[in-house]
Every structure is written in C-alpha cells, then in structure tokens.
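*Asks:* Fold the following and give me the result.
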Amino acid sequence: MASGLAALLDDVAAIAKVAAASLDDVGAAAGKASAKAVGVVVDDTAVTPGYAVGFTPDRELPIVWKIALGSLRNKFLFLLPGALALSAFAPWLITPLLMLGGAYLSYEASEKILEAFVTHEEVDQPEEFALSSAALEKEKVAGAIRTDLILSAEIMAISLASVSEETLLIQAAALAVVGFLITVGVYGVVGFIVKMDDIGLHLAKGERPALKALGRAMVKGMPSLLNGLTLVGTAAMLWVGGGIIVHGLEHLHISPIPHWVEGFSHWAGQVPGVGAITGWLAFAAGSAVVGLVLGAVIIAATHFIPKKGGH
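*Replies:* The predicted structure follows:
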C-alpha cells in the first residue's frame with residue numbers, strides 16, 4: 001500500500017515536472033514571439049486612438065472596450081486556428097503570407113506619407129456634431145476592428161514564425177498568451193491615451209500645485225501626443241513591413257536587397273560601445289527604405305497607372 005502510494009506520488013511529481021517544463025517552454029516561446037512582433041504592436045497602439053477620439057467623453061472607453069473585444073475575437077476565433085492550421089498543413093505558406101502583409105503595411109505607410117504632402121480638395125464628409133451618433137460609432141468600431149484584424153494577423157504570423165520549431169501544443173499556448181497579453185497591453189494604453197485629457201482636467205482642478213501643473217500639461221500635450229503617435233505608427237509600419245520583406249527575401253534566397261541591408265547594419269554596428277544600437281537602427285532604417293520604395297511602387301500600380309489608362 002505504501003509502495004503504491006509512493007509510486008503514485010512519484011508519477012504525480014513527474015507529471016508536475018513535465019507541466020512545469022511545458023510552462024517554461026510556453027513562457028520562453030511567448031517571450032520570443034512577442035519580441036519579434038513589437039513593431040506591429042507599436043503600430044497597433046499608435047493607430048487605434050484615432051477611432052475613439054472625437055466622441056463624447058462618456059463614449060470613449062466603451063468604444064475602446066468594443067474594439068478590444070473585437071480584437072480578441074479576431075485573434076482567438078479566426079487567426080489562432082488559422083495560424084495553427086498553416087503550421088500543421090502548409091508551413092511553406094507562412095513566409096509568403098508574411099511578405100504579403102509586409103507589403104500591405106508598407107503600402108499603408110507610404111500612402112499616409114503621400115497624403116501628408118499632397119493637397120487635395122475637400123470632399124463631403126459627415127458633420128462633426130454627428131460623431132456621437134450610434135450609427136457613426138458602430139461604423140468607427142467596425143473600421144477599427146477591420147484594421148485590427150490586419151495588424152493582428154501580422155502579429156500572429158510573426159509570432160508563429162518565431163516559434164515554428166516548437167510542438168503544435170506549445171505553438172498554440174504561446175500564440176494564445178501573446179494574443180491575450182498584447183491585446184490587454186495595447187488597449188490599456190489606448191484607453192489611457194483617449195482619456196488623458198479628461199484625467200488632466202481632473203488633476204488641474206485639484207489643490208496641489210504639482211498635480212495642477214501636470215494636469216495642464218496633459219491637456220495641452222494631448223494633440224501633440226496624437227500627432228506623435230501618427231508619426232511613430234507610420235515609421236513602425238515602414239520598419240516592420242520592410243523588415244518582413246527583407247527577411248522573406250533572405251528566406252527565399254533572393255539575396256541582393258537583404259545583403260545590402262545587412263551590410264549597412266554591419267557597417268553601422270562597428271561604432272565602439274553602442275554598436276548593437278547603431279546596427280539595429282541601421283537595419284530598421286534600411287528596412288524602412290525598402291518598405292517606402294515598395295509602398296511607392298504599389299501606390300503607383302494601384303492609383304496612377306489605372307488613371308492614365310482611363311484617359
């Protein structure tokens with residue numbers, strides 16, 4: 001009886017060790033995957049506040065909450081099963097799909113840059129006072145969830161590529177952890193951003209001089225923060241999109257562009273003491289240039305060429 005109990009306890013201990021090792025594997029895989037996806041996360045965080053800003057204060061957080069729930073549905077109902085199916089049945093498709101997503105990010109960023117420099121006539125738009133309407137709120141939320149689907153697909157694809165050597169179970173757990181934590185992190189930050197002016201107003205009405213000064217600074221800094229997020233988001237789209245293209249070309253053994261970018265990064269990395277930083281910045285800059293050029297080509301193909309053909 002005692003020996004049987006001891007054997008049972010040994011089995012339980014062995015199972016616990018296996019479970020602990022699996023959790024360690026999941027944690028390591030999730031950390032690796034989330035680090036690779038950081039650029040798209042920055043872009044997601046930078047893009048989303050624009051969908052909630054402009055509504056009445058009482059609707060801002062509910063809108064962020066609706067978008068966050070839509071993001072979780074995107075990840076867990078569609079993207080996670082799709083990513084695992086790819087990993088199991090068509091792993092060779094991961095790199096081409098990543099490159100397709102990278103091309104889209106490059107196109108989006110390049111189009112934003114073009115719109116910033118090219119003036120165009122005003123077109124009829126819904127009046128600003130209609131922003132609190134239920135119909136427009138529904139439209140904005142749907143648009144944000146569509147954008148999130150694209151960005152989340154990139155996050156999951158990049159994460160999957162980072163853990164492709166793991167077992168299917170570890171991949172599933174790692175992607176689930178990454179998807180959940182990134183969603184909570186992104187929309188937590190977005191919620192703070194869209195309420196920053198309200199928080200600032202509350203602090204500015206207080207009695208403590210330091211908090212009042214902080215509150216005024218938060219209110220005054222809100223427009224600059226939103227503009228800065230737009231710039232950061234655009235830069236991240238170029239850097240991530242171009243980087244995906246560079247890595248994809250390298251994976252497909254199409255070497256000239258990856259060779260140039262890697263060579264530039266290696267040259268910049270020779271700076272004593274900060275070589276790792278300058279090398280990374282050089283690779284990011286080279287990737288952004290690749291993304292900008294590719295985006296410009298796609299814009300020309302989708303906008304200018306059809307217009308010329310129509311004359």
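
*Asks:* which stretches of the stretch 1-150 of the chain have low pLDDT?
*Replies:* 1-47, 50, 52-54, 119-132 (pLDDT under 70).

*Asks:* if we go to 50?
*Replies:* 5, 8-9, 11-13, 15-23, 29-30, 32-33, 121-132 (pLDDT under 50).

*Asks:* Quick check: nearest residue in space to W267, chain neighbours excluded?
*Replies:* Of all residues beyond its chain neighbours, the one nearest W267 is A282 (7.3 Å), with distances taken as C-beta to C-beta, 6 or more residues apart in numbering. C-beta coordinates here come from the backbone N, C-alpha and C atoms, glycine included.

*Asks:* actually H202, not the one I wrote
*Replies:* G215 (6.8 Å).

*Asks:* who touches the one you found in this structure?
*Replies:* Applying C-beta atoms under 8 Å, 6 or more residues apart in numbering to G215 gives the contacts 199-206.

*Asks:* where's it relative to G82, distance?
*Replies:* Using C-beta to C-beta, to the nearest Å, G215 is found at 45 Å from G82.

*Asks:* circling back to that earlier point, going by neighbour count, which of the contacts of G215 are buried?
*Replies:* Buried residues within the contacts of G215, defined by neighbour count using 16 or more other C-beta atoms under 10 Å: 200, 203-204.

*Asks:* Spell out, range by range, the strands that occur in the stretch 151-300 of the chain.
*Replies:* Counting by DSSP state E, counting those that start in this stretch, the stretch 151-300 of the chain has no strands at all.

*Asks:* okay, the contacts of G215 in CSV with distance to A296 next?
*Replies:* Supplementary listing: the contacts of G215 in CSV, determined by distance: C-beta to C-beta, whole Å:
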residue, distance to A296
I199, 40
G200, 39
L201, 42
H202, 45
L203, 44
A204, 45
K205, 49
G206, 50
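
*Asks:* which one of these is nearest I182?
*Replies:* Comparing the contacts of G215 against I182 with C-beta to C-beta places I199 closest, at 23.8 Å.

*Asks:* Much appreciated, bye for now.
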